[in-house]
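Peer 1: test case, fold it:
(one chain, ligands or ions: 1)
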Amino acid sequence: MAKKTSQTSPSDNATIHDQKLHRGAGGELHQFAEDGKPVLTTAQGGPVSDDQNTLRLGARGPALIDDFHFREKIFHFDHERIPERVVHARGYGAHGYFETYESLAAYTRADLFQRPGEKTPAFVRFSTVAGSKGSFDLARDVRGFAVKIYTQQGNWDLVGNNIPVFFIQDAIKFPDVIHSVKPEPDKEFPQAQSAHDNFWDFISLTPESMHMIMWVMSDRAIPRSFRFMEGFGVHTFRFVNAADESTFVKFHWKPKLGLQSVAWNEAVKINGADPDFHRRDLWQSIQSGNFPEWELCVQLFDQDFADTFDFDILDPTKIIPEEILPVKPIGRLVLDRMPENFFAETEQVAFMTQNVPPGIDFSNDPLLQGRNFSYLDTQLKRLGGPNFTHLPINAPKCPFHNFQQDGHMAMRNPVGRVNYQPNSWNQGPRESPVQGYRHFPAEEQGAKVRLRPESFADHYSQARQFYISQTPPEQRHIAAALIFELSKVETPVIRERMVSHLFNIDETLASKVGHALGFKSMPKPADAAMPTRQDLEPSPALSIVERGPKRFEGRKLGILVSDGTDAAIFKSLLAEITEQKAAFEVIAPKIGGVTLSDGNWIEAHQMIDGGPSVLYDAVALLPSAEGTGDLLKEATARDFVADAFVHCKYIGYVETALPLMQKAGIADPLDEGVMALAAAKDVPAFIKALGKLRVWGREPSVKLN
Ligand code: HDE
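Peer 2: A predicted model of the protein is given here:
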């Protein structure tokens with residue numbers, strides 16, 4: 001008989017006599033291989049003797065149909081994929097809890113808002129919208145912010161975004177806006193990018209999208225981390241109390257660590273250096289015990305208040321500025337546990353806007369109404385059958401009883417005779433008009449029409465308000481984003497049409513974009529259903545820079561070292577960074593680490609090629625004179641320094657690093673963000689300054705945009 005020539009088989013070494021057999025309390029047989037590990041089995045539980053070689057007729061002969069183990073293994077592998085989400089395909093989730101601050105009984109009978117201090121389990125999935133499941137994290141895109149709270153009255157899904165408005169006012173346009181942003185259907189590119197003709201064609205033909213476009217062209221669409229993003233329920237919802245009284249409510253998630261985004265030039269480079277940048281960030285922070293946290297805030301108002309606005313509170317392209325109606329914190333969300341299995345939890349989680357507990361209800365927002373219709377379909381398609389609520393991630397964590405049965409993969413079926421009601425057997429659950437969900441009895445009337453209300457007609461005033469609420473660097477970034485995106489549009493008329501809308505938002509912005517695109521003459525402002533209001537006050541709450549953090553907490557410092565790096569400065573940096581609850585990584589010429597000036601060896605997290613400065617919020621340049629000499633020969637070392645400077649980051653440096661800085665084009669006079677670290681005593685001031693995150697004053701001189 002021919003000898004085996006490829007991989008060895010466990011059965012070469014272990015015979016059946018080597019296995020240990022145990023019977024469990026229930027009489028079940030536990031089989032252990034010779035090294036004490038459980039015996040590998042098929043999905044049917046049959047023990048496997050050889051998982052390295054298919055069953056063949058002779059060593060070089062054909063495979064045999066008897067090989068049921070091979071057949072089952074490959075069959076299962078072939079079916080591992082389920083359809084990716086049609087939107088929000090790329091996402092990342094985490095478990096945590098929601099903690100209620102105070103009783104909201106006056107507004108809502110939702111059980112989770114009754115008792116201060118009560119914690120309710122939650123699962124959150126963050127996502128991009130346009131890209132496929134394997135796309136990169138730093139796409140210019142809206143971020144999904146979907147929260148499932150497992151309340152005692154069933155799951156509440158607040159399926160929101162990191163932008164408080166949307167592209168369209170009516171759900172019937174959703175397939176169109178999504179088709180336009182996805183890869184073009186003939187060529188299947190560009191991937192995860194809005195910078196192409198189809199998207200801007202649709203947008204420039206859809207004036208209602210202008211407010212959202214200002215947000216998407218702002219730095220909100222390139223967040224530094226999920227942890228530094230706001231979230232919004234977007235639509236107006238209702239709270240309904242025990243007396244069936246309704247209050248309108250808009251939901252906001254406010255990150256405890258403040259808002260932060262990256263620069264576009266940085267985003268492009270991050271996508272190359274670490275396409276999983278946002279995933280890794282969430283993973284690392286939760287695994288290291290720094291649990292991200294958001295406050296849930298609400299804007300509460302009634303119909304009389306709603307009537308004071310020219311716009312309609314049912315229109316999802318509008319916000320109520322926080323300066324006019326302050327947000328009220330009502331609880332906090334803490335994420336403290338990563339899924340054990342990405343597929344089982346993050347991929348199979350099924351969010352649905354229609355999942356609301358008693359006390360939370362819908363408004364007539366036509367986008368929300370359409371969403372309530374859509375999400376059930378998508379879960380059926382994606383998860384393959386009506387029993388997706390049997391999956392642990394989707395099952396409620398409160399007792400539940402109904403007569404649903406059968407269907408694909410049914411895992412919870414009625415036991416006994418009774419599977420209907422009413423029944424004479426006095427068994428099974430019953431409906432309860434008192435405890436059950438009661439829809440708010442809003443009185444509605446009107447003719448059946450396909451009509452957009454007049455109150456939805458102002459498409460430019462809040463777009464302008466958003467723009468004028470931004471700080472100068474943020475306004476520059478919006479202009480730069482529009483210029484970049486439209487420069488990728490190959491059809492001149494689309495570019496012009498888009499700029500004609502900008503003229504209704506802000507003339508300076510429109511001219512700047514038009515000039516940068518090389519227009520010979522400027523287009524006329526687009527026809528507008530309603531003139532742009534010039535009297536809306538700026539809302540500072542809309543600016544990221546205004547909402548930035550005060551500390552470096554939760555951010556990451558990149559420390560460039562070499563053999564001979566000053567040990568006192570290095571150690572002081574580590575101590576101060578840790579005190580700030582921030583993180584750091586050591587970047588060295590070799591991954592094996594370096595020996596500091598005091599003779600101590602330290603490990604590196606990255607070699608210089610693998611740790612570009614775009615991965616860090618600030619950098620410290622600590623190479624010794626000799627180390628600098630070697631780094632001068634490395635293009636990536638020069639890029640490390642040049643990018644940190646161009647991206648307006650704070651840079652701490654020792655004198656011996658100066659030649660590297662000069663090579664990277666950092667010339668005198670240095671600005672306040674380039675800080676000398678002559679000795680360990682200089683470190684605290686540097687770390688304190690990092691709280692400002694960026695030196696935006698540097699931007700015009702480095703022509704970042
Ligand atoms: Fe969604 N959306 N959406 N959407 N959406 C989906 O459901 C849909 C909209 C949002 O992490 C799908 O499970 C319609 C607004 C998030 O799993 C689908 C309309 C907002 C997620 C769907 C909208 C969102 C989705 C695809 C227009 C912000 C990811 C996969 C009326 C408030 C949830 C899925 C997750 C996912 C439909 C508009 C947020 C197809 C029809 C507005 C965060 O059902």
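
Peer 1: for this protein, which residue gets nearest to the ligand?
Peer 2: Gly144 (2.7 Å; CB to the nearest ligand atom). The C-beta positions use only the backbone N, C-alpha and C, and glycine is treated the same way.

Peer 1: bridged to that residue, which residues?
Peer 2: Using DSSP bridges, the beta-bridge partners of Gly144 come out as Ser127, Asn161.

Peer 1: what do you get for Gly93?
Peer 2: The partner residues for Gly93, given DSSP bridges, come to Arg125.

Peer 1: then the one 5 residues further on?
Peer 2: Phe98 has the following beta-bridge partners by DSSP bridges: Thr120, Leu333.

Peer 1: looking at it, it is touching Tyr150, isn't it?
Peer 2: No: using CB atoms under 8 Å, Phe98 makes no contact with Tyr150, being 9.2 Å away.

Peer 1: quickly list what's touching both of the two.
Peer 2: Thr120, Pro121, Ala122 (CB atoms under 8 Å, 6 or more residues apart in numbering).

Peer 1: let me know the helix or strand that the last one is in.
Peer 2: Under the criterion of DSSP states H and E, Ala122 resides in strand 119-128.

Peer 1: give the rounded mean pLDDT of that strand.
Peer 2: If you average the pLDDT over strand 119-128, you get 99.

Peer 1: check stretch 93-113 too.
Peer 2: pLDDT averaged over stretch 93-113 gives 98.

Peer 1: so which bits of that stretch are buried?
Peer 2: 93-101, 104, 107-113 (16 or more other CB atoms under 10 Å).

Peer 1: same check on stretch 680-700?
Peer 2: Per 16+ other CB under 10 Å, stretch 680-700 contains these buried residues: 680, 682-683, 686-687, 689-696, 698-699.

Peer 1: likewise stretch 392-407?
Peer 2: Ile393, Asn394.

Peer 1: for stretch 133-152, same thing?
Peer 2: Buried residues in stretch 133-152 (16+ other CB under 10 Å): 135-151.

Peer 1: close to the ligand: what parts of this protein are there?
Peer 2: 85-88, 91, 125, 127, 144, 146, 159-161, 166, 171, 174, 234, 349, 351, 367, 370-371, 374-375, 378 (CB under 6 Å from any ligand atom).

Peer 1: now, of those residues, which are buried?
Peer 2: Buried, going by 16+ other CB under 10 Å: 85, 87-88, 91, 125, 127, 144, 146, 159-161, 166, 171, 174, 234, 349, 351, 367, 370-371, 374-375, 378, out of the residues of the chain next to the ligand.

Peer 1: in strands, which of those fall?
Peer 2: Counted as lying in strands by DSSP state E, out of these, are Gly91, Arg125, Ser127, Gly144, Ala146, Val159, Gly160, Asn161.

Peer 1: between those residues, which sits nearest Val268?
Peer 2: Val268 lies nearest to Ser127 out of these, by CB to CB, at 20.2 Å.

Peer 1: mean confidence score for the helix or strand encompassing Pro329?
Peer 2: Using DSSP H and E, Pro329 sits in strand 328-337. In this model, strand 328-337 has a mean pLDDT of 98.

Peer 1: mind listing what's buried along it?
Peer 2: So for strand 328-337, counting by 16+ other CB under 10 Å, buried means Lys328, Ile330, Gly331, Arg332, Leu333, Val334, Leu335.

Peer 1: among the buried residues of stretch 93-113, name the ones in helices.
Peer 2: Among the buried residues of stretch 93-113, no residue falls in helices (DSSP state H).

Peer 1: wait, what's in contact with Tyr556?
Peer 2: Not Tyr; residue 556 is Lys. Contacts of Lys556 by CB under 8 Å, 6+ apart are Ala582, Ala583, Phe584, Glu585, Leu615, Tyr616, Asp617.

Peer 1: do you know the pLDDT at the residue lying closest to the last one once chain neighbours are set aside?
Peer 2: Counting by CB to CB, 6 or more residues apart in numbering, Asp617 lies nearest to Arg555, which is 3.9 Å off, once chain neighbours are set aside. The model reports Arg555 with a pLDDT of 98.

Peer 1: how close does Arg555 sit to Ser562?
Peer 2: 24 Å (CB to CB, to the nearest Å).

Peer 1: give me the contacts around the longest helix seen in the chain.
Peer 2: Looking across the chain with DSSP H, the single longest helix is helix 366-383. With CB under 8 Å, 6+ apart as the test, helix 366-383 has contacts from 82-86, 159, 166, 168-172, 174, 234-235, 237, 314, 316, 348, 350-354, 362, 386, 388, 391.

Peer 1: just the ones of the residues you listed in helices?
Peer 2: Phe174.

Peer 1: near the closest residue to Arg85 other than its chain neighbours, how many other residues are there?
Peer 2: Using CB to CB, 6+ apart and skipping residues adjacent in sequence, the residue nearest Arg85 is Arg382, 6.5 Å away. Neighbour count for Arg382, taken as other CB atoms under 10 Å: 16.
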